[in-house]
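Engineer: got a predicted structure here, sequence first:
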Amino acid sequence: MLSAEMNERLTRVGPGTPAGDLLRRYWHPVAAVAEMTEQTPKKRVRALGEDLVLFRDGQGRLGLVEEQCRHRSASLYYGFIEDDGLRCAYHGWKYDCTGKCIDRPFEPDTAPIKDSVRLTSYPVQALAGVIFAYLGPDPVPLLPRWDVLLREDGERKLFILPELECNWLQVMENSCDPAHTYYLHGHTLALKGQAARGSYYYRPIKEMKFQTVKEEAWCGILKQRIYGGDDAEEELGHPVLFPCMLLSPQREHLVLHMRLPVDDTHTQIFRMQFTANDHGKPQPQPETVPVERVASLKGEDGEYHMESFASHDAMAWETQGAITDRSRENLGVSDQGIALYRRLLREQIDLVEAGKEPHGIIRNEAINQRIVIEVSSSQRRVAKEMAGTS
Ligand code: FES
Ligand SMILES: [Fe+2]
């Protein structure tokens, strides 16, 4: 249970809020490279409560700037792409990828462009078909190079889910909550006669283990399920990468779930799926990682259709409320992963408030060459065997 005050402290993401200031210290996914084409070089992005425009100038360079023009605040989403920037559609002021105003067509040449005419802009970097942004203070940390984003011994595909109408912390708490899989996923699918799809999770859980990790390469919560039964295998833990990611096996895939806190009451999930080939050797990679937008998680009647894991999870997260009221909850022993995550979050917020660097920020180039985190492979093997027999 949390006081209403602590709940606010841990959940709000806007500029100047405790959690918002912490979340700004990390890189976040904001778009797919495959969706920023020559035909669609502009995209509205809402991240951490800020309205932004992502654009590619005529030379292919990416810029992420505040949406409202510094002249008289028209939306730059409607601007014209030019070789060296984005020109506002209202009176034609032009900005480069760093937000600098480089042209004001109806002003005399003698009037210098003041620094205050600069748009707020944020660094962006593309990796594995994802465009990541950093909305925090300098110095900018390294964009983490997770192994799952770099591997070439298989195929990669990016899924973008419908925007969720709930606060980001509900999604992250779920990642520290292995007990939910038995009923929400396993039982739901078994009742629908889809036992094979849910059966990995439809096994008695004998024990759950949790561990907080604070290493130089990553920080987060390692969670592990120990299943009962004679054939039970010890699976490795699934790492929750603080603050907003989960690395987990999913059937024969390895999946990096990346959650963008859009604003206080919305969350956008980007799901990077990597499928290893059978021979373990590098294979040719496409120029751009393909992207698929997942269709609605609800049916025509407006209710969750509960046909997919994503629909199950969305039902749980959104029905908890836009920002769930944690003063009415009753946590049990099985919720200890959630308690650990909250403690980790509180500690990192406190560090930032004290003017210190939170954990999970990477500044060491050598470590960042490739960050490998072992995750369970037994689940993938079981899933493959089941897929072959069902
Ligand atoms: S509002 Fe953008 S140029 Fe005037
Ligand atoms: Fe789930």
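Structural biologist: Yep, it's here. Ligands and ions are numbered 1, 2, ... in the order given.
Engineer: what's the separation between the spatially most distant residue from the centre of the chain and residue 102?
Structural biologist: Each residue of the chain has a distance to the centre, and by Cα atoms, centre = their mean the biggest one is for residue 110: 46.2 Å. With distances taken as Cβ to Cβ, to the nearest Å, residue 110 is found 16 Å from residue 102. Glycine gets a C-beta too; all of them are placed from N, C-alpha and C.
Engineer: with residue 2 instead?
Structural biologist: Counting by Cβ to Cβ, the gap from residue 2 to residue 102 is 48 Å.
Engineer: which residue of these two possesses the greater neighbour count?
Structural biologist: More neighbours surround residue 2 than the other of residue 2 and residue 102, with 19 against 15 (other Cβ atoms under 10 Å).
Engineer: which parts of this structure are helices?
Structural biologist: For the chain, applying DSSP state H gives helices covering 4-11, 18-23, 147-150, 168-175, 180, 188-191, 195-198, 309-319, 336-353, 378-389.
Engineer: wait, which of those is closest to residue 264?
Structural biologist: The closest of those to residue 264 is helix 4-11. By Cβ to Cβ, the value is 6.8 Å.
Engineer: what is the orientation angle of the closest one with helix 336-353?
Structural biologist: Here the directions of helix 4-11 and helix 336-353 differ by 80 degrees (axes from the mean of the first three to the mean of the last three Cα atoms, to 10 degrees).
Engineer: could you find the closest non-adjacent residue to residue 308?
Structural biologist: residue 297 (7.3 Å; Cβ to Cβ, 6 or more residues apart in numbering).
Engineer: I'd guessed that neighbour sits against residue 309; true?
Structural biologist: No: with contacts counted by Cβ atoms under 8 Å, residue 297 stays clear of residue 309, the gap being 10.1 Å.
Engineer: show me which of the two is the more surrounded one.
Structural biologist: residue 297 (20 against 17).
Engineer: enumerate the residues of this structure near ligand 1.
Structural biologist: Residues of the chain lying close to ligand 1 by Cβ under 6 Å from any ligand atom are 69, 71, 72, 74, 88, 90, 91, 92, 93.
Engineer: for those, give me TSV that also has distance to residue 217 and neighbour count.
Structural biologist: Converted to TSV, the residues of the chain next to ligand 1 look like this (distance: Cβ to Cβ, whole Å; neighbours: other Cβ atoms under 10 Å):
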residue	distance to residue 217	neighbour count
69	41	25
71	45	15
72	47	10
74	44	16
88	43	25
90	47	15
91	49	14
92	47	15
93	43	26
